[in-house]
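Q: Provided below are the primary sequence and the corresponding predicted coordinates.
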Amino acid sequence: MRDEGPESEGFGELLKYTVAGYAGGLALGGTLDALGYSLSAIGQWLVRTLAGEGDSLFEGAYALRRRLSRSPGSLAEAYGWGKLAGMAFPWVVDWGSRLAGIDVYGWSGFYIPYLYAMSDQVGANISGLVYYKRKEKRWPAAWRGYFGQPVMVASLAVILAVPFGLLGARLLGFRPSTQVRTAIETIAANLCWIPPLVGWLKGRRRASPQED
């Protein structure tokens with residue numbers, strides 16, 4: 001059965017934004033380490049924002065362009081708006097944890113890189129569900145559309161899997177003691193490229209000639 005509508009359109013562009021965020025986080029981390037700011041809290045905030053959420057800035061811009069051009073609504077656009085909306089929450093948790101005296105470098109602070117890497121993904125997932133609710137009008141049909149869409153299923157899977165990987169790495173002794181290590185940890189946790197890749201592959205498959 002072929003998909004209807006433009007649900008899989010635009011995910012190839014979203015993949016490019018994820019790579020740009022990774023590159024920006026690594027470049028900034030290397031620069032800050034070279035300048036002697038390896039343990040700067042502000043530096044970590046900026047590095048994690050770029051490595052974990054830089055793609056959200058680009059994807060929000062993509063969604064805004066789609067809206068201004070009056071293009072038909074798509075899952076990719078809803079996904080972009082959701083990621084942009086989920087950006088600010090980890091900033092509050094990060095600085096609140098530091099003020100509370102939590103060891104943000106040890107195992108007890110594993111949730112901080114998780115939020116930088118995944119809070120925007122949570123927003124995108126919720127936004128995708130809302131997209132299906134608006135499209136289908138009724139919740140049973142919306143849930144069927146949601147779980148029938150590989151992009152949404154992949155998004156939910158990475159949201160649930162990533163915290164276990166981060167906690168395991170911290171328990172094994174990993175500490176983000178430099179800005180580059182901070183960027184690497186955030187990039188490893190930022191599996192936000194998987195759902196757009198699934199959407200892009202699905203779109204490619206749909207566009208390819210198929211035998212009856």
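A: Cool, the structure landed.
Q: ok, residue 154 touching residue 198?
A: Yes: contact criterion Cβ atoms under 8 Å: residue 154 and residue 198 qualify, at 4.5 Å. Using the backbone N, CA and C atoms, a C-beta is placed for each residue, glycine as well.
Q: quick one, helices of the protein?
A: 11-34, 41-68, 75-85, 89-99, 111-136, 139-147, 150-171, 179-189, 194-207 (DSSP state H).
Q: Show me what counts as buried in stretch 30-40.
A: Under the neighbour-count criterion of 16 or more other Cβ atoms under 10 Å, stretch 30-40 has 32-33, 37-38 buried.
Q: again with stretch 108-123
A: Judged by neighbour count using 16+ other Cβ under 10 Å, the buried positions of stretch 108-123 are 109-123.
Q: Report the distance from that stretch to the chain centre.
A: 9 Å (Cα atoms, centre = their mean, to the nearest Å).
Q: Same question for stretch 182-190.
A: Chain-centre distance of stretch 182-190: 12 Å, with Cα atoms, centre = their mean.
Q: same deal with stretch 150-158?
A: Stretch 150-158 sits 11 Å away from the centroid of its parent chain (Cα atoms, centre = their mean).
Q: and that stretch, average pLDDT?
A: Averaged across stretch 150-158, pLDDT comes to 92.
Q: just stretch 122-138 next, same as before
A: 86.
Q: among the helices and strands of the chain, which has the poorest mean pLDDT?
A: Every helix and strand of the chain was ranked by mean pLDDT, DSSP states H and E. The lowest is helix 75-85, at a mean of 61.
Q: residue ranges with poor pLDDT in this protein?
A: 1-14, 55-86, 207-212 (pLDDT under 70).
Q: make it 50
A: 1-8, 211-212 (pLDDT under 50).
Q: Roughly how far does residue 26 sit from residue 48?
A: 12 Å (Cβ to Cβ, to the nearest Å).
Q: What of residue 141?
A: 38 Å.
Q: got the contact list for residue 47?
A: Residue 47 sits next to 25, 28-29, 32, 179, 182-183, 186 when contact means Cβ atoms under 8 Å, 6 or more residues apart in numbering.
Q: which of these sit farthest apart?
A: Distance extremes for those: the farthest pair is 32 and 186 at 13.8 Å, using Cβ to Cβ.
Q: if you count what's nearby, which of residue 141 and residue 48 comes out ahead?
A: residue 48 (30 against 13; other Cβ atoms under 10 Å).
Q: quick one, what contacts that one?
A: 25, 90, 94, 112-113, 116, 182-183, 186 are the contacts of residue 48 under Cβ under 8 Å, 6+ apart.
Q: Out of these, which is nearest to residue 130?
A: Among the contacts of residue 48, residue 90 lies closest to residue 130 (Cβ to Cβ), at 21.3 Å.
Q: what's the neighbour count on that closest one?
A: By the criterion of other Cβ under 10 Å, residue 90 has 24 neighbours.
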